[in-house]
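Q: Predicted model, plus sequence, below.
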Amino acid sequence: MPTTQETPTTSPIGRKTPRIDGPWKVSGVAQYASDFHFPGMLYAVPVEATIANGRVVKLDTAAAEKMPGVRAIFHRENIGKIFRSVLGSGLDGIVDERRPPFEDDVVRYYGQYIALAVAHTFESAKAAADAVGATYAKEKPNVDTNLIADDEPDVVATSFAPTKRVQSERGDPEGAFASAPVKLDQTYVTPTETHNPIELQATTAIWDGSMLTIYEESQGIFNLQGVLAQMFGLPKENVRVITKFVGSGFGSKLWPWTHCPLAVAAARQLGKPVKLVLSRKMMFQSVGHRPRTQQRVRLGATGDGKLVSLQHDYVNHHAILDNYHEDCGEATPFHYGVPNLRVKFGRARRNVGSPTPMRGPGAVPGLYATESAMNELADQLKMDPVQLRILNEPTIDEGLGIPFSSRHFLECLELGAEKFGWSKRNAEVGSMKRGGLILGSGMAGCAWVAARFPAAANVELRDDGTVRVASGTQDIGTGTYTILAQLAAEKTGVPLEKVEVALGDTSLPEGPLSGGSTVTGSVVPAVFAAADQAIASLLTVATTTAGSPFETRKPDDLAFEGGRVFVKADGAAKGVSFADLLRRANVRLVTGSGKAEGTFGAPKPKFSTHSFGCHFVEVTWQPEIARLRVSRVVTVIDAGRIINPLAGRNQIEGAVVMGIGMALLEHTSYDPQNGAPINSNLADYMVAVNADVPPIDVHFVDFPDKEINELGARGIGEIGLAGVAAAITAAVHHATGVRVRELPVKIEDLLTSTILS
Ligand code: MOS
């Protein structure tokens, strides 16, 4: 089977390419949103509500206002007008917390901003914010972890939610379940998880008359531009958003949050640049999280393991004002072949800040539940879990009734099993040992949607032999700078170090948001079209310039390859470099623009486009001291053509590490008394760190998906996280005999193990 690592290549596409932005980051020249400084700049620190439900009756700002260096304490009465933004058509005007800051005196979640201190230094602003007193009319917050779906009307108006609570249905799932010879009916729970990018969220806002410039670590600068234009009543072109580097986002920086308009409003009121950087505690309160989910999965199967019924009913919590839908059913309708199926969702309102997408939103908790159910069903059938999956491989996407553009899940399973040594597994619980440790192993499949967002790009060929590629997308740490450079290098034949990349600025052609693992797939056609146009323009210059070696030719007689123009009939050896041609013509540069449509949410797709993959995990269990470790992971991903296997592998490794955190460590707990996220710091909210990370063996199967773009490249940012937790909990069961169905797996859960070493 072809795998990307084995494919030799001379083209920049598919070559292991170190990040071109790496040296900028390690040398400190890369500027993040909070690194920008301007003369006269002021610092803002929000005042956080210390209740999660109730009203602000009185704010006492007198003491804070008198503190040294303080310029203003803003609140409802003096912040000035901040309008509501509305959802535009498609990918425009998206926010999770639609209510602008300070719109009313109602507090709906702990940490909601109720005032804003602005001072000459961050320290003075922080001291002043701490000195603001608030009197509340308090009510008991509802942060109950037992989720029962609220009674909601069937049709719900939100940006990414299905309009019906039954989101997919076929056949007679109840009848088929009732008569199925083998049944499984279990509920799986995933906790609230908080994104913890190292870079804190930050806004620096500068007004120049009616022009607004924002430095923000945004995963979607054009959406932010649109939202701010609406909130401040400006034409869109008056707002410029700049995001050169992002210290990761994982979804928390996709949509604007309320601190951003607060900084903008304060800068407007004071006529000075204002910088606002969140604290880590605020990152747990007011910039989103993955909501808690409860998912009941019912599987019915024949005695030999053929699925006959699948029901997936899930509930996620959401905030008081917002309708966030965690789409746990995203992968359910197509992942396996089953004639009778229903996927249904519900939501439960809680006094929490608005949830938001977190890496692999929906599919990650969803596949944890459905893949865990498949593993349990395999055990019930005394069948190998890989075999169970092979047996239920669908021939088409049965949810949509259309073929897959490219699905190589079975090849992933085959390669993963081989690399892991799955055939040596003894399925009996606690039966495998190594060096005094009990070994457990488990596996799971994964899937993630592959789609394109609309993208535009410019490519310039310049008379010094350099190339510039520009697209207003973002690099959130995933390698977009490098991918854009590779694409431009591929088309223009210049080496990577001669390509300049511009991104992260709304003054550039509109690029895709960095979400849904879509950037790479989206920019390929736009950059290629732009390069083609620049090359066409170059050929015109070559044929119309007096004294050009191609003066007597027509553009059609010429070809461009490896950075050189030549007469087709003569071959490349007699070519002239584009830099030469431009210099002779006294032309500094030729430019091409390219645009590509999106495919996301297309009403009548011909193909179902997804990436697939699987994880095989080994854990070690030491019953004497109740120590569980993930000791080995093999991951195989089918994401079409991999443009940069180095960055790609890095994405998958990072996702697997996050999966270890999801399975064993991460959860945000809310205090039932005051509704505060209690563990709102990196000491108490545990993420997987180096010491938790075993060798991770990543493989890509190389099946280009030409439905997505001409290179066949799908995205890989999120898929690596899906399925990891299900594989780990299966391995935990294999080692300990304990079935954990509520994440994360805790030591207390494992103390019930009766396995002895
Ligand atoms: Mo991702 S959750 O679409 O940033």
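A: Received, thanks. Values in this document were obtained by computation on a predicted structure and should not be read as measured data. Numbers count the residues shown, from 1 in each chain.

Q: where along the stretch 551-700 of the chain do the strands fall?
A: Ranges of strands within the stretch 551-700 of the chain are 558-561, 564-567, 576-577, 589-596, 610-622, 627-638, 696-700, based on DSSP state E, counting those that start in this stretch.

Q: Turn these into TSV, columns for mean pLDDT and distance to Q380.
A: Quick note: C-beta positions are derived from backbone N, CA and C, even for glycine. TSV is the format used below for the strands of the stretch 551-700 of the chain (pLDDT from 0 to 100; distance: least, CB to CB, whole Å):
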stretch	mean pLDDT	distance to Q380
strand 558-561	96	60
strand 564-567	96	65
strand 576-577	96	67
strand 589-596	98	47
strand 610-622	98	21
strand 627-638	98	24
strand 696-700	98	30
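
Q: Name the residues of this protein found near the ligand, please.
A: Applying CB under 6 Å from any ligand atom, we find that the chain lies next to the ligand at 219, 249-251, 254, 357-359, 361, 515-516.

Q: Compare the strands of the stretch 551-700 of the chain and give me the one nearest F284.
A: Of all the strands of the stretch 551-700 of the chain, strand 627-638 sits nearest to F284, with 25.4 Å by CB to CB.

Q: List only those of the residues of the chain next to the ligand flagged as buried.
A: Buried by 16 or more other CB atoms under 10 Å: 219, 249-251, 254, 357-359, 361, 515-516, out of these.

Q: Pull the contacting residues for L410.
A: 390, 393 (CB atoms under 8 Å, 6 or more residues apart in numbering).

Q: so is it in a helix, a strand, or just coil?
A: Put simply, L410 is helix when judged by DSSP: H, G, I helix; E, B strand; the rest coil.

Q: Distance check, it against E199.
A: Applying CB to CB, to the nearest Å, the value for L410 to E199 is 40 Å.

Q: Also W207?
A: 24 Å.

Q: Mind telling me which residue of the stretch 351-500 of the chain is nearest the ligand?
A: In the stretch 351-500 of the chain, the residue that lies nearest the ligand is P357 (3.6 Å; CB to the nearest ligand atom).

Q: Can you tell me the number of residues neighbouring the residue in the stretch 51-200 of the chain that the ligand sits nearest to?
A: Residue of the stretch 51-200 of the chain nearest the ligand, by CB to the nearest ligand atom: H195 (8.3 Å). For H195, the neighbour count with other CB atoms under 10 Å is 22.

Q: That one is in contact with W257, isn't it?
A: No - if you go by CB atoms under 8 Å, H195 and W257 don't touch, sitting 11.7 Å apart.

Q: okay, and the common contacts of those two?
A: Jointly contacting H195 and W257 under the rule CB under 8 Å, 6+ apart are 287-288.

Q: ok, which stretches of the stretch 201-350 of the chain are strands?
A: Under the criterion DSSP E, counting those that start in this stretch, the stretch 201-350 of the chain contains strands at 202-208, 211-216, 239-242, 274-277, 293-301, 307-318, 340-349.

Q: So for D464, which of the ones you listed sits nearest?
A: D464 lies closest, by CB to CB, to one member of the strands of the stretch 201-350 of the chain: strand 239-242, at 26.2 Å.

Q: Pull the residues that contact that closest one.
A: 211-216, 218, 221-222, 224-225, 228-229, 232, 504-507.

Q: and it, how far from the chain's centre?
A: 22 Å (CA atoms, centre = their mean, to the nearest Å).

Q: Which residue comes closest to L558 once chain neighbours are left out?
A: The shortest distance from L558 to any non-neighbouring residue, by CB to CB, 6 or more residues apart in numbering, is to L539 (5.1 Å).

Q: helix/strand/coil for that neighbour?
A: Applying three-state DSSP: L539 is helix.

Q: Any figure for the gap between N426 and D384?
A: Between N426 and D384 the distance is 11 Å, computed by CB to CB.

Q: Would you point out which residue of the stretch 451-600 of the chain is nearest the ligand?
A: Closest point on the stretch 451-600 of the chain to the ligand, by CB to the nearest ligand atom, is G515, at 3.2 Å.

Q: Over to the chain?
A: Proximity of the chain to the ligand (CB to the nearest ligand atom) peaks at G251, 2.7 Å away.

Q: Going through the contacts of strand 239-242, which ones are buried?
A: For the contacts of strand 239-242, buried by 16+ other CB under 10 Å: 212-216, 218, 221-222, 224-225, 228-229, 232, 504-506.

Q: rewinding a little: could you check how far the closest residue to the residue of the stretch 451-600 of the chain closest to the ligand other than its chain neighbours is from T729?
A: Closest residue to G515 apart from its sequence neighbours, by CB to CB, 6+ apart: L254 at 4.9 Å. L254 is 28 Å from T729, where distance means CB to CB.

Q: And Y670, by the same measure?
A: Computed with CB to CB, the distance linking Y670 and T729 is 24 Å.

Q: Who has more neighbours out of those two?
A: T729 (32 against 26).

Q: Does the more buried one lie in a helix or a strand, and which?
A: helix 724-736 (DSSP states H and E).

Q: Excluding its own residues, what touches the following helix or strand past that helix? List them.
A: Downstream of helix 724-736, the first helix or strand assigned by DSSP H and E is helix 747-750. Outside helix 747-750, the residues that touch it by CB under 8 Å, 6+ apart are 621, 626, 628, 732, 736, 738, 740.

Q: Much appreciated, bye for now.
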